[in-house]
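**Student:** got a structure for you, letters missing:
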């Protein structure tokens, strides 16, 4: 299994009394990842720029915590920086930790800071969160706005460095522009289908098709508000979004982006260890094992092999 988004590092830095990366009271830890037979887990360094005005300092603190935790538990988990590292994890049965940043604004448009983030092992950046940030417009802003000139520079350098560009939270105009300026695939790490649940955080049919045609992937988000009208995040709704995106974009576009530890805890899938329940639900919905394997890890693995 490969999960393209979680916010566990945020939980850890805000409340270390609840455990650490190996075992904690939230939805993702090493013990649960091992039970789920996880291959790669993305760990996002999410910074709310309104809550943390010195956003770069907050990012640096989260980076240090991630590095300390991965070093402490290096017998179980490995920070991956390249596809060679991913292959090493597969060979040794270690969990691969992919480091991402959820809020490109933390780098303040400074390309030197972006290069340093690459050197520190960041391999995926979500361009915006829910605020305009000097790079682009969020999903909740003006849907027609393009990336800023600095935003274009930023994503072009990301591509040159070998970083994955993530359009989750970005507005429609900026996402369309990514399709024009990037040579390689880009992703929506944790987004669903707007045609099923009309939320600006979800993707229109046009954007789903764009990402698919670029060879990118879309990670299914488990947040209740992006799935449907139920008071909890239901497995059947996740499957509906997955099937819809697959039917529109093909067998190679759907992936997983749980958003665990960053969303409300009311989820039918109790935690990452219970992900086989979703696997079985896709099988019951009529997909072959190969198609479900693509959703669970093969599509994301293909993208990693092309970019990292």
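**Tutor:** In hand now; what should we look at? These figures come from a predicted structure and were not determined experimentally.

**Student:** where do the strands sit along this structure?
**Tutor:** Assigned by DSSP state E, the chain shows strands spanning 2-3, 40-46, 77-79, 95-102, 122-126, 164-166, 218-220, 254-256.

**Student:** list the strands paired with the second one, with their directions.
**Tutor:** Okay, so that is strand 40-46. For strand 40-46, the paired strands and their directions (DSSP bridges) read strand 2-3 (parallel), strand 95-102 (parallel).

**Student:** same question for the third one.
**Tutor:** Applying DSSP bridges, strand 77-79 is found paired with strand 95-102 (parallel).

**Student:** hang on, the earlier thing: for the strands of the chain, give me a markdown table that also has distance to residue 9.
**Tutor:** For glycine as for every other residue, the C-beta is placed from the backbone atoms N, C-alpha and C. Converted to a markdown table, the strands of the chain look like this (distance: least, CB to CB, whole Å):
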| stretch | distance to residue 9 |
| --- | --- |
| strand 2-3 | 14 |
| strand 40-46 | 5 |
| strand 77-79 | 12 |
| strand 95-102 | 9 |
| strand 122-126 | 12 |
| strand 164-166 | 16 |
| strand 218-220 | 17 |
| strand 254-256 | 18 |
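
**Student:** relative to residue 205, which of those strands is closest?
**Tutor:** strand 218-220 (12.0 Å; CB to CB).

**Student:** re the thing from before, need the strands of the chain in CSV with mean neighbour count and mean pLDDT, can you?
**Tutor:** What follows is the strands of the chain, written out as CSV (neighbours: other CB atoms under 10 Å; pLDDT from 0 to 100):
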stretch, mean neighbour count, mean pLDDT
strand 2-3, 28, 98
strand 40-46, 26, 98
strand 77-79, 20, 98
strand 95-102, 24, 98
strand 122-126, 24, 99
strand 164-166, 28, 99
strand 218-220, 29, 99
strand 254-256, 30, 99
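
**Student:** and the angle for the longest helix seen in the chain with strand 40-46?
**Tutor:** Across the chain, the longest stretch assigned as helix under DSSP state H is helix 55-72. On the basis of axes from the mean of the first three to the mean of the last three CA atoms, to 10 degrees, helix 55-72 is oriented at 150 degrees to strand 40-46.

**Student:** what's the closest of the strands of the chain to residue 301?
**Tutor:** The nearest among the strands of the chain, by CB to CB, is strand 2-3 at 6.4 Å.

**Student:** and stretch 43-51, how far from the chain's centre?
**Tutor:** How far stretch 43-51 lies from its chain's middle: 13 Å, per CA atoms, centre = their mean, to the nearest Å.
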